[in-house]
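**Q** Need a 3D model of the sequence below.
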Amino acid sequence: MSRVRFCSSGVGSPVVLALTTRLQAYAWGAVDGMAELAGTEPTGGPEAELWAGAHPKAPSLLDDGRGLDEVVAEGPERLLGRHVVDRFGPRLPFLLKLLCIARNLSIQLHPTAAQAQEGFAREEAAGIELDAPSRTYRDPFAKPEVFVALRPTWILAGFRRRADVVSDLRRLGDPVLDPLTERMAGAPDGRDALAHLLGVSGPERSALAAAAARADDCSDTAVIGWIRRLAAAYPNDPTALAPLLLELRRVSPGEGVLLPAGVPHAYLHGAGVELMGASDNVVRGGLTAKHVDPAELARLLAPPGVAMVALPGRDVAEGTRLYDPGEAEIALYRIEPDGSAVTAPSGHGPALALAVGGAPEVTTASGRTEVLGRGRAVLVSASERSACRISGTGSVWWATTGDELGPPSGS
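**A** Model prediction:
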């Protein structure tokens, strides 16, 4: 983990914060995966996520032990700038992560801002504690997500075409799957079939789980292969059949995707960089030991036609590639100085910089320099964004708000 320095003096002065990133040891993470990916100290256990940001669940730390969330709260305009505070409130609106996925994450989706506000208020009124296992809405914020693969990554996201679903169901030829076939009749996609799969109980649940375990056909497709793997990991969960209904995608290194609100998805295997709105709202439906809320997931499904969006990225300057999802809270850049200095994107809000590989340096307009060892992070305040330079070797992932980019291309 990184050492920390608080490079500032006085309210309103330029600020650069070198931060200790926070490791999340979720069971789905690869053993020593983050050590291999980002060069952090190996733990000998699962290393799923490395967090850089101010989310109160695991804020990055200053050397005096304070969390970045506490520092932001003490002087939000000083760190974030007036524009960001006016637009998003007195909080850092994005969270930057590295993911190293050895086992699948749950089938899940994220709510829109309006849905998050309504769900949070509902559970608050019901008196459900924020840290209760049965809680679904832990804050009133949306959680748009951009993921860029660092290694080949498999994701289930959005719905498959009706013809493909029906074709696979017929090839499997298992009468236990007939209820899913029936729900595909006249449907634009597999949403009704997924809602049924999420909601089954009793003998039908057991029968569908058993059907997932014996799924086989002569084609030996990736879809069938993933059903078998998921059924082995979750032998009593019929949602192991989800690859029949959800689009299976392989994302190559350097490719990005946007997961809009309401799109059901599950990361299956791989590694990458993820930038999201700073929210912990996850509506889960299956393939997890955590709390699931299948009825709420089915209720919040996005309309037909809303799907995962490919973000190949576009070069905006020498050594700088932008992954712009068109979401107000987030925009992500990959900066590769390749031994020479590169001017980082300017803007009117703060930026988080996280290094993967090499030992790049961040030098701000005021002349302050931070060395980003592998896996380290730096917060550059809004007043320091101008003429910021990245030098050295390796990749720097530069996260900021997306509203400063204007509307997405083609809008």
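**Q** how close does Leu311 sit to Pro303?
**A** Leu311 sits at a distance of 21 Å from Pro303 (criterion: C-beta to C-beta, to the nearest Å). The C-beta positions use only the backbone N, C-alpha and C, and glycine is treated the same way.
**Q** Between the two, tell me which one has more neighbours.
**A** Each of Leu311 and Pro303 had its neighbours counted (other C-beta atoms under 10 Å), and the higher figure belongs to Leu311 (20 against 8).
**Q** Return the residues in contact with the more buried one.
**A** Listed by C-beta atoms under 8 Å, 6 or more residues apart in numbering, the contact set of Leu311 reads 146, 148, 255-258, 323-325.
**Q** Confirm Pro203 sits in a helix?
**A** Yes. Membership of Pro203 in a helix is supported by DSSP: H, G, I helix; E, B strand; the rest coil.
**Q** Mind checking which of the contacts of Leu311 are in strands?
**A** If you go by DSSP state E, the contacts of Leu311 have 146, 148, 256-258, 323-325 in strands.
**Q** quick check, nearest of these to Ala207?
**A** The shortest distance between Ala207 and any of these, using C-beta to C-beta, involves Val257 and amounts to 34.0 Å.
**Q** And the strands in the stretch 201-350 of the chain?
**A** Secondary structure of the stretch 201-350 of the chain (DSSP state E, counting those that start in this stretch): strands located at 246-251, 256-259, 265-277, 283-286, 309-311, 314-317, 320-327, 330-335, 342-343.
**Q** and the next element down the chain from the last one?
**A** Note on strand 342-343: by DSSP states H and E, the next helix or strand toward the C-terminus is strand 351-356.
**Q** Packing partners of the helix or strand following that next one?
**A** Toward the C-terminus, strand 351-356 is succeeded by strand 361-363 as the next helix or strand (DSSP H and E). Applying 3 or more C-beta pairs under 8 Å, 6 or more residues apart in numbering; DSSP states H and E, one finds that strand 361-363 contacts strand 369-371, strand 389-391.
**Q** Can you list the strands that strand 361-363 pairs with?
**A** Sheet pairing of strand 361-363 (DSSP bridges) gives strand 369-371 (antiparallel), strand 389-391 (antiparallel).
**Q** now, of those, which is deepest in the fold?
**A** A comparison of the strands paired with strand 361-363 by mean neighbour count, using mean count of other C-beta atoms under 10 Å, puts strand 389-391 on top with a mean of 19.
**Q** after it comes which helix or strand?
**A** Scanning forward in sequence from strand 389-391 by DSSP H and E, the next helix or strand is strand 395-400.
**Q** got the angle between that next one and strand 330-335?
**A** Relative orientation of strand 395-400 with respect to strand 330-335: 150 degrees, computed using axes from the mean of the first three to the mean of the last three C-alpha atoms, to 10 degrees.
**Q** what pairs with strand 395-400, and is each one parallel or antiparallel?
**A** Based on DSSP bridges, the strands next to strand 395-400 in the sheet, each with its direction, are strand 330-335 (antiparallel), strand 351-356 (antiparallel).
**Q** so where's the stretch 201-350 of the chain uncertain?
**A** Applying pLDDT under 70 to the predicted model, the residue ranges of the stretch 201-350 of the chain that meet it are 218-220.
**Q** What count of nearby residues applies to Gly394?
**A** The local packing count at Gly394 equals 19, with neighbours defined by other C-beta under 10 Å.
**Q** follow-up on the earlier one: JSON lines for the strands of the stretch 201-350 of the chain, including distance to Ala126?
**A** What follows is the strands of the stretch 201-350 of the chain, written out as JSON lines (distance: least, C-beta to C-beta, whole Å):
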{"stretch": "strand 246-251", "distance to Ala126": "31"}
{"stretch": "strand 256-259", "distance to Ala126": "28"}
{"stretch": "strand 265-277", "distance to Ala126": "24"}
{"stretch": "strand 283-286", "distance to Ala126": "16"}
{"stretch": "strand 309-311", "distance to Ala126": "34"}
{"stretch": "strand 314-317", "distance to Ala126": "45"}
{"stretch": "strand 320-327", "distance to Ala126": "30"}
{"stretch": "strand 330-335", "distance to Ala126": "30"}
{"stretch": "strand 342-343", "distance to Ala126": "50"}
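**Q** So for Gly44, which of those sits nearest?
**A** With distances scored as C-beta to C-beta, the stretch of the strands of the stretch 201-350 of the chain nearest to Gly44 is strand 265-277 (18.6 Å).
**Q** any idea how far Leu19 lies from Leu150?
**A** Leu19 sits 20 Å away from Leu150, going by C-beta to C-beta.
**Q** rounded to a whole number, what's the mean pLDDT of stretch 386-405?
**A** Model confidence over stretch 386-405 averages 90 on the pLDDT scale.
**Q** Make CSV out of the ones in strands among the contacts of Leu311 and add distance to Leu177.
**A** Below are those laid out as CSV (distance: C-beta to C-beta, whole Å):
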residue, distance to Leu177
Val146, 35
Val148, 36
Gly256, 34
Val257, 29
Leu258, 32
Tyr323, 38
Asp324, 41
Pro325, 36
